[in-house]
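*Asks:* Would you be able to build a 3D model of this:
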Amino acid sequence: MQLEAFCEGELCSKISQYKWSLFSHNNTPNDFSIREVPNIKIHPQEDSKRLFVNDIFKLRDDTNRHVSYTVEATAKLEDEVAVAASFSFVVNSPPKRLIPNASCEVSPLEGEAISTDFLITCSGWHDVDRPLTYQFSYGDKYGMVLIQTGSSYNVSAKLPIGDSAEDYRLVLEAQVKDSFADFTKTQLFVKVNKTSNYIYYFYHNFRNIDGFKASTSTRLLFFLPNL
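*Replies:* All right, here's what the predicted structure looks like:
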């Protein structure tokens, strides 16, 4: 997280430096306290006008609604006068399981490339920062390839052949995101074997195309087994 102090007025030229502090607020029926946050690295930059908070992931998120944080900047003037300004925030939490058996799953766990329909489903997730969006992808040697993203919690897709060096295993990734794009990620694994019936696949998909020639079918059947 990065913050920057701005000053307007005649006294701004007399500011010698800014001092930054980070505080936590605990506001419950039995406890109200303000404490300086320990073990968090804050790095003043550009003559202390800008602040970079390096370890924000260590702060408690808004699962605990009574916890919030305040960054305070104190401007010191040449005549020892100090003026302070502050910025308060809560740390967003990613979607969580609403019920104990909430999950992201794929079915079936094994199939054939191009021909098997794999169904990926995420259910039972919750976040107060709605709407939720779902992103599904699979991995190849270049990175993650997007299958679908949007409001639908499931997707049916035909997948490419898995990694032959790992018994044709293919890595899938499902992300459940809140309205701030904070997400919970689940990795899934399926076994995607080579397609066994090439002739059926091309006959089924190309037989109704007008003007389709046999020579085209021959070329497709020749190259497909080499994929």
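*Asks:* which residues of this protein score low on pLDDT?
*Replies:* 29, 31, 46, 62-65, 197-227 (pLDDT under 70).
*Asks:* which residues touch the residue nearest to the spatial centre of it?
*Replies:* Closest to where the C-alpha atoms of the chain average out (CA atoms, centre = their mean) is F183, at 4.1 Å. F183 makes contact with P94, P95, Q135, Q175, V176, K177, according to CB atoms under 8 Å, 6 or more residues apart in numbering. All C-beta atoms are positioned from the backbone trio N, CA, C, and that covers glycine.
*Asks:* switch to 7 Å and redo it
*Replies:* Residues in contact with F183 (CB atoms under 7 Å, 6 or more residues apart in numbering) are P94, Q175, V176, K177.
*Asks:* The first one against T184, yeah?
*Replies:* Yes - counting by CB atoms under 7 Å, P94 sits close enough to T184 to count as a contact (4.5 Å).
*Asks:* coming back round to it: got the contacts of F183 as CSV, with neighbour count and distance to L51 columns?
*Replies:* Below are the contacts of F183 laid out as CSV (neighbours: other CB atoms under 10 Å; distance: CB to CB, whole Å):
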residue, neighbour count, distance to L51
P94, 19, 25
Q175, 20, 30
V176, 26, 32
K177, 21, 28
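*Asks:* what bridges to the residue nearest to the centre of the chain?
*Replies:* K177 (DSSP bridges).
*Asks:* roughly how far apart are it and S137?
*Replies:* From F183 across to S137, the span is 12 Å (CB to CB, to the nearest Å).
*Asks:* repeat for K41
*Replies:* From K41 to S137 the distance is 33 Å (CB to CB).
*Asks:* What segments of this protein are helices?
*Replies:* Using DSSP state H, the helices found in the chain span residues 198-206, 214-223.
*Asks:* mind giving me the domain ranges of the protein?
*Replies:* Listed by automatic domain parsing, the domain ranges of the chain are 2-89, 96-207.
*Asks:* Tell me which of those sits most buried.
*Replies:* domain 96-207 (a mean of 15; mean count of other CB atoms under 10 Å).
*Asks:* Can you tell me the closest non-neighbouring residue to the residue in the chain sticking out farthest from the centre?
*Replies:* The C-alpha centroid of the chain is most remote from D79, which lies 48.3 Å away (CA atoms, centre = their mean). Distances taken as CB to CB, 6 or more residues apart in numbering put K14 closest to D79, at 7.5 Å, once the chain neighbours are dropped.
*Asks:* just M1 next, same as before
*Replies:* V53 (4.4 Å).
*Asks:* show me the contacts for the one you found.
*Replies:* V53 touches M1, L22, I40, I42, counting by CB under 7 Å, 6+ apart.
*Asks:* Let's see which of those residues end up in strands.
*Replies:* Mapping the contacts of V53 onto strands (DSSP state E) picks out L22, I42.
*Asks:* Against E72, how distant is the residue nearest to L77 when sequence neighbours are not counted?
*Replies:* Leaving out its chain neighbours, the residue that sits closest to L77 by CB to CB, 6+ apart is K14, at 4.8 Å. Separation of K14 from E72 (CB to CB): 20 Å.
*Asks:* do I161 as well
*Replies:* When I161 is compared with E72 (using CB to CB), they lie 57 Å apart.
*Asks:* Specify the beta-bridge partners of T149.
*Replies:* With DSSP bridges as the rule, T149 is bridged to Q135.
*Asks:* Thanks again, I'm all set now.
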